[in-house]
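> curious how this folds, go ahead:
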Amino acid sequence: MTKIGKNMKAAKEKVGVDPLSMEEAVKRVKGAAFAKFDETVELTINLGVDPRHADQMIRGTMQMPHGTGKKIRVAVIASGEKMKEAQNAGADIVGGEDLVQKIQEGFMEFDTVVSTPDMMKSVGKLGKILGTRGMMPNPKSGTVTFDVAKTIEEIKAGRVEYRVDKGGVIHCPVGKVSFDENKLKDNALALLDKLIKIKPASAKGKYIKKVTLSSTMGPGVIVDVSDMNIR
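Got it, this is the predicted structure:
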C-alpha cells in the first residue's frame, strides 16, 4: 500500500470527495496547494468517445481567456523570409535544416515546435523524437503554417492544444495556482464550452462523463457538471 505524505493527506481533507461547482472546485484546489512552486492547474475530462474512430478523435487548439501563466519556448523550423518573420515575432529558436539536425542530435530546449509546410519533409525525420513528446507539428493543431507570426503570438499569449488519449480522456492546463479564482474558472469553463461545441455527431451516450480539477502536486476535485447543460 502506498504511503500518503502528510501534505497530501492534509490536501485531500481540504478538497473532500463530493462533486463541487466549478467555482468551489477552484477554491478548494487553490486552498489545498502545498508545493513550494507555482503549480499548474489542470482540467481532466473523461469523454464518451471512441478515439479509434477518426470522427471521434477530438483534437484542436484554443486560446485561454486569461492565458496559462506558463512561458512557452517556441522553436520554428522554416526557410527564407519566414525565418526572419519568426525571429521578429519573438520565436525563441529559429532554424531550417540546421535546427532539424540539431534536434536529431539531442537538442530539446523548447516547449513547442512550429514548422512551415515546405519544411515538413525534413521535419518528418523528427517523428520519433517529437512525436513521443507530443511536439510534432501538425496542421490540426495549427503548428504547420506559413502564418508563423500569428501562430507564435497566439502560443505566447496562452494558446493550448487539447487531444483525447486512447482512453477518451483530455488533460489540459487552465492556469496556475497563483491565478485569481475567476480567471481559473473562466479558463476551465471556456475549455468545457469548446469541447461541448465540437461534440462528434457519432458520439453515443453521455458525452462529458467526468470532470476533475487538480494542481500539479495536489489531489483531484470532481466538478459537478449537472447544471452546465451537458448531456
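> walk me through the domains of the protein.
Following automatic domain parsing, the chain resolves into domains at 6-68+159-222, 74-156.
> need those domains in JSON lines (columns: mean pLDDT and mean neighbour count).
Heads up, the C-betas are built off the backbone N, CA and C, glycines and all. Formatted as JSON lines, the domains of the chain follow (pLDDT from 0 to 100; neighbours: other C-beta atoms under 10 Å):
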{"stretch": "domain 6-68+159-222", "mean pLDDT": "92", "mean neighbour count": "17"}
{"stretch": "domain 74-156", "mean pLDDT": "95", "mean neighbour count": "17"}
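> distance from stretch 181-201 to the middle of the chain?
With C-alpha atoms, centre = their mean, to the nearest Å as the basis, stretch 181-201 stands 13 Å off its chain's centre.
> scratch that, stretch 194-211
For stretch 194-211, the distance between its averaged C-alpha position and the chain's averaged C-alpha position is 18 Å (C-alpha atoms, centre = their mean).
> got a list of what the spatially closest residue to residue 49 that is not a sequence neighbour touches?
Setting aside the residues directly before and after it, residue 49 is nearest to residue 56 in space (C-beta to C-beta, 6 or more residues apart in numbering), at 4.1 Å. The contact partners of residue 56, taken as C-beta atoms under 8 Å, 6 or more residues apart in numbering, are 49-50, 164, 200, 202-203.
> how far away is residue 56 from residue 166?
The span separating residue 56 from residue 166 equals 12 Å under the rule C-beta to C-beta, to the nearest Å.
> and for residue 117?
Separation of residue 117 from residue 166 (C-beta to C-beta) stands at 28 Å.
> C-terminal to the helix or strand residue 85 falls within, what's the next element?
When secondary structure is defined using DSSP states H and E, the element that contains residue 85 is helix 81-88. Going down the chain from helix 81-88, the next helix or strand is strand 93-95, by DSSP H and E.
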